[in-house]
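[1] generate a structure from the sequence data that follows.
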Amino acid sequence: MKRFLPFLSKGPVVAVIRLQGVISTGGRGGLNDAAPAPLIEKAFARGKPAAVALSINSPGGSPVQSSLIASRIRRLSAEKNVPVHAFVEDVAASGGYWLASAADHIWADETSIVGSIGVISAGFGLNEFIARHGIERRVYTAGKSKSMLDPFQPEKPEDVARLRSLQDEIHKAFINQVKTRRAGKLAEDRDLFTGEIWVGQGAQEVGLIDGIAHLVPKMKQLFGDKVKFAAYQRRRPFLSRFGLALAEDALGTLEDRAAFARFGL
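    The predicted structure follows:
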């Protein structure tokens, strides 16, 4: 009977998950493991998708949240036996590339920015500023390291050394993630883990991506012209649709712009 009703025929389905913005531990619109978790779970569980496509546009952020999201994607991919393709938009840098590395294949636009495999920490030293204004900083701790890197106190060499040690540990975890997920694809004659970034074709030449491609045409090439797309994306909070919480939204936008600006975007 089905062959006489062609409109009932179903083509393969690709579930599309959009991962956009700065990766942070929380806040309105921030990208963290808790926010997209229900969507990621549904994308892999609903029906039997031919593949899951990640649409990524992120300059990075929290390494822990990056790792949690990537690990969730890998776990579900293995459990459901569903391949994952990542498509980079403007940028997949630092934690954004950590997310992309969760995919079995990574594709990008010829002008996409990719890489920045490193760890960064930034802040301000305000001790001289408060001293000029007659402000005295008083800190009482139990444990000599509790006030490490206090921005209102002079910088201590031992604090900087400790921070660099922590950064090295995180960097090693990041490098291990990339080497494991891109095994056999990375250029062996280049140091890819200095924090350097590449654009499009350059990223392909060093093995950080598999090629230049866009989501819809690539999925049609792989799964046929009858492939269908099921989009999974977060809804805007109810109140924000009516212009409420504008101040918090504006601050979040400024934070995003500052992070993207590091890559000239």
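
[2] check contacts around the closest residue to Pro154 other than its chain neighbours.
    Of all residues not flanking Pro154 in the chain, Asn127 sits nearest, at 5.2 Å (Cβ to Cβ, 6 or more residues apart in numbering). Every C-beta, even on glycine, is put in place using the N, C-alpha and C of the backbone. When contacts are counted by Cβ atoms under 8 Å, 6 or more residues apart in numbering, Asn127 touches 137, 151-154.

[3] so in this structure, which strand runs the longest?
    What stands out as the longest strand in the chain, according to DSSP state E, is strand 84-93.

[4] let's see the very next helix or strand once past that strand as PDB, backbone CA atoms only.
    The helix or strand immediately downstream of strand 84-93 is helix 95-100, counting by DSSP states H and E. Extracted in PDB, the C-alpha atoms of helix 95-100 (Å, rounded to 0.1, in the frame of the first residue of the first chain):
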ATOM      1  CA  GLY A  95      36.300  25.700  23.900                       C
ATOM      2  CA  GLY A  96      34.400  26.100  20.700                       C
ATOM      3  CA  TYR A  97      36.800  23.800  19.000                       C
ATOM      4  CA  TRP A  98      36.600  21.400  22.000                       C
ATOM      5  CA  LEU A  99      32.900  21.100  21.100                       C
ATOM      6  CA  ALA A 100      33.700  20.600  17.400                       C
END
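
[5] what is the end-to-end distance of stretch 38-52?
    15 Å (Cα to Cα, to the nearest Å).

[6] how about the strands in the chain?
    Using DSSP E, the strands of the chain run over residues 13-20, 51-58, 84-93, 105-108, 113-115, 197-199, 211-212, 228-232.

[7] how far off strand 84-93 does the second one point, in degrees?
    Inter-element angle recorded for strand 51-58 and strand 84-93: 0 degrees (by axes from the mean of the first three to the mean of the last three Cα atoms, to 10 degrees).

[8] quick one: strands adjacent to strand 51-58?
    Paired with strand 51-58 in the same sheet, following DSSP bridges, are strand 13-20 (parallel), strand 84-93 (parallel).

[9] just name the most buried of the ones you listed.
    Burial of the strands paired with strand 51-58 is given as mean neighbour count (mean count of other Cβ atoms under 10 Å); strand 84-93 ranks first at a mean of 25.

[10] residues in contact with that one?
    Identification of contacts with strand 84-93 by Cβ under 8 Å, 6+ apart yields 20, 51-60, 73, 77, 99-109, 112-116, 197, 209, 213-215, 218-219, 260, 263, 265.

[11] stretch 224-235 too?
    Stretch 224-235 has contacts (Cβ under 8 Å, 6+ apart) with 9-18, 35-36, 39-40, 42-43, 46, 49-50, 53, 216, 219-220.

[12] change it to 7 Å
    By Cβ atoms under 7 Å, 6 or more residues apart in numbering, the surrounding residues in contact with stretch 224-235 are 11-18, 35-36, 39, 42-43, 219-220.

[13] ok so, going back, so which of the strands paired with strand 51-58 is nearest Glu188?
    Nearest of these to Glu188, taken as Cβ to Cβ: strand 84-93 at 22.1 Å.

[14] from the chain's centre, how far out does the closest one sit?
    Computed by Cα atoms, centre = their mean, to the nearest Å, the chain-centroid distance of strand 84-93 equals 9 Å.

[15] spatially nearest residue to the residue nearest the centre of the chain (excluding sequence neighbours)?
    Centrality entry for the chain: nearest residue to the mean C-alpha point is Gly96, 2.7 Å, by Cα atoms, centre = their mean. Using Cβ to Cβ, 6+ apart and skipping residues adjacent in sequence, the residue nearest Gly96 is Ser58, 3.3 Å away.

[16] report pLDDT for Ser145.
    If you check Ser145, the pLDDT there is 77.

[17] just give me the neighbour total for it.
    Close neighbours of Ser145, defined as other Cβ atoms under 10 Å, add up to 10.

[18] and the nearest residue to it once chain neighbours are set aside, how many neighbours?
    The shortest distance from Ser145 to any non-neighbouring residue, by Cβ to Cβ, 6+ apart, is to Arg162 (7.2 Å). For Arg162, the neighbour count with other Cβ under 10 Å is 14.
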